[in-house]
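Q: Build me a model from this:
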Amino acid sequence: MEKNNYAIESAPSSPPVEEMMELDGRQQRVYHRAARMIQRTWRRHVDTRVFQYFKNLVRFRNQGDPRLLLKNVNPREANILDAAAGVHIRFRLGGTTFPPSIYYKIYTHRPIVDMCANSPKDYTHPRQKRSVPRQIHNGRTQVQDDHAGWYHRVENNGWRLLSGKAALLGDIITLETNGRKVEFHNSKLQRRQDVDRRKKRRKIEWLKQMYDRGCLHARTEHSETAMLVERSAQGMMDAVEQLGPNHIVEWEVDELLEWTNALNFDEYINDWRVVGTSNSSESWKDKKRLVPSNLEPCVEFSGLGQEDSQVDTYSSVLHPLVSSLIKSEHSKANLFD
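A: Prediction:
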């Protein structure tokens, strides 16, 4: 009996039900946390691969005939292009949702003459009449024209969506870029000065972003020189915030960038201009437009984003570049809508 009592007293007792439930709850939380981590990692991987796919579509540089590219996207406007127009097309990624959409825009590097910009006044207004001597020499201050009703240039050449599905209310980026007003002076010298001013403002904004992120470091091992460069950068940023970018000379910005390890802004802009850009129409002036044998057939593509771009469904032979762009947009519209 003593042995049996000893055996009964020394037998291990089973854990309570509360402890088992607590262990199961902890294990489930660990499993759920691990599952969420796996899901986030997989989604991040899929999103990265999708973005790399679309990015590789627009990484070409100065390739393709712009007329042939536009012919398979917007045939009506393609008939207007010729070698004398000096046209090239740029493709960019954009949009408000993921995956991104592909947009295109038509550029020209030929001189543009805006007849209305030479005389932008509102000649229907009575104030535009020439003043008589009794109105000039009467000792009263003449009211200056407030330029109300003057001509303002509107480009109507924004970024257009490369898609086979027309939106009900139109694309947001297309609507915003089409109605943007541009200051277009009749003097070519003034236009160049405006371009230089915008370039300087963009360079200062880019420098400010690099400074806020802590990416501006002196490219020297000398401690005193590094301290002077940091003080100069801080003083320039303070001057920009207090006085504005117009009080900063461009050579000061360039000199500061040379002393830091920041990227070259001019090289960055020049590289950005040629990425996703077709060749100029001038280069195809004397070439025969023969279709190579390795081109892919085009998928049926109809109903472009704008009314003047809508055409009937057709099938033709495309450059592989255009075929890839259109196929990607067509497949994305079917998968993600």
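Q: so what's Asn279 up against?
A: 62-66, 88 (C-beta atoms under 8 Å, 6 or more residues apart in numbering). No exception for glycine: its C-beta is placed from N, CA and C like everyone else's.
Q: Drop anything exposed from those residues.
A: If you count burial by 16 or more other C-beta atoms under 10 Å, the buried members of the contacts of Asn279 come out as 64-66, 88.
Q: closest to Ala117 among those?
A: Nearest to Ala117 among the buried ones among the contacts of Asn279: His88, at 23.6 Å, using C-beta to C-beta.
Q: Give me the pLDDT value at Glu18.
A: You'll see Glu18 listed with a pLDDT of 62.
Q: Ramachandran coordinates for Leu93?
A: phi -90, psi 140 (degrees, to the nearest 10).
Q: That one and Pro99 touch, don't they?
A: No: contact between Leu93 and Pro99 fails when scored by C-beta atoms under 8 Å: they sit 9.0 Å apart.
Q: Can you work out which residues contact both of the two?
A: What both Leu93 and Pro99 touch, as defined by C-beta under 8 Å, 6+ apart, is the set Phe54.
Q: Now stretch 40-50: average pLDDT?
A: For stretch 40-50, the per-residue pLDDT averages 92.
Q: Stretch 57-69 now?
A: Averaged across stretch 57-69, pLDDT comes to 81.
Q: Please identify the helix or strand for Ser122.
A: Heads up, residue 122 is Asp, not Ser. Of the helices and strands defined by DSSP states H and E, none includes Asp122.
Q: And the pLDDT for it?
A: Looking at Asp122, its pLDDT is 74.
Q: any idea how far it is from Trp159?
A: According to C-beta to C-beta, to the nearest Å, Asp122 and Trp159 sit 31 Å apart.
Q: Then Gly170?
A: Relative to Trp159, and taking C-beta to C-beta, Gly170 is found at 12 Å.
Q: neighbour count winner among the two?
A: Trp159 (20 against 13; other C-beta atoms under 10 Å).
Q: Touching, the more buried one and Tyr104? I think so.
A: Yes: contact criterion C-beta under 8 Å: Trp159 and Tyr104 qualify, at 7.2 Å.
Q: Now do the shared contacts for the two.
A: Arg92.
Q: show me what contacts Asn178?
A: By C-beta under 8 Å, 6+ apart, the neighbours of Asn178 are 155-158.
Q: and those residues as CSV, adding secondary structure?
A: Formatted as CSV, those follow (DSSP: H, G, I helix; E, B strand; the rest coil):
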residue, secondary structure
Glu155, coil
Asn156, coil
Asn157, coil
Gly158, coil
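Q: would CSV of those with pLDDT be doable?
A: Below are these laid out as CSV (pLDDT from 0 to 100):
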residue, pLDDT
Glu155, 73
Asn156, 76
Asn157, 80
Gly158, 82
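Q: Can you turn the buried part of these into a ChimeraX selection?
A: In ChimeraX, this line selects whichever of those come out buried by 16+ other C-beta under 10 Å:
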select :158
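Q: Format the contacts of Asn178 as TSV; extra columns: distance to Val275.
A: As requested, the contacts of Asn178 are arranged in TSV below (distance: C-beta to C-beta, whole Å):
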residue	distance to Val275
Glu155	22
Asn156	25
Asn157	20
Gly158	19
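Q: Relative to Glu183, which of the contacts of Asn178 is nearest.
A: Each of these was scored against Glu183 by C-beta to C-beta, and Glu155 proved nearest at 11.4 Å.
Q: for the stretch 151-300 of the chain, which spans come out with low pLDDT?
A: Per-residue confidence for the stretch 151-300 of the chain (pLDDT under 70) gives these ranges: 163-169, 179, 181-182, 186, 211-266, 284-300.
Q: Can you say which helix or strand has Tyr53 in it?
A: Tyr53 is part of helix 17-57 when elements are defined by DSSP H and E.
Q: separation between Arg43 and Met37?
A: Going from Arg43 to Met37 by C-beta to C-beta gives 11 Å.
Q: Could you do Val274 as well?
A: 41 Å.
Q: the more surrounded of the two?
A: More crowded of Val274 and Met37, by other C-beta under 10 Å: Val274, with 13 against 10.
Q: Test my guess that the more buried one contacts Arg61.
A: Yes: between Val274 and Arg61 there is a contact at 4.8 Å, judged by C-beta under 8 Å.
Q: Report the buried residues of stretch 175-190.
A: For stretch 175-190, the neighbour count (16+ other C-beta under 10 Å) marks 177-178, 184-185 as buried.
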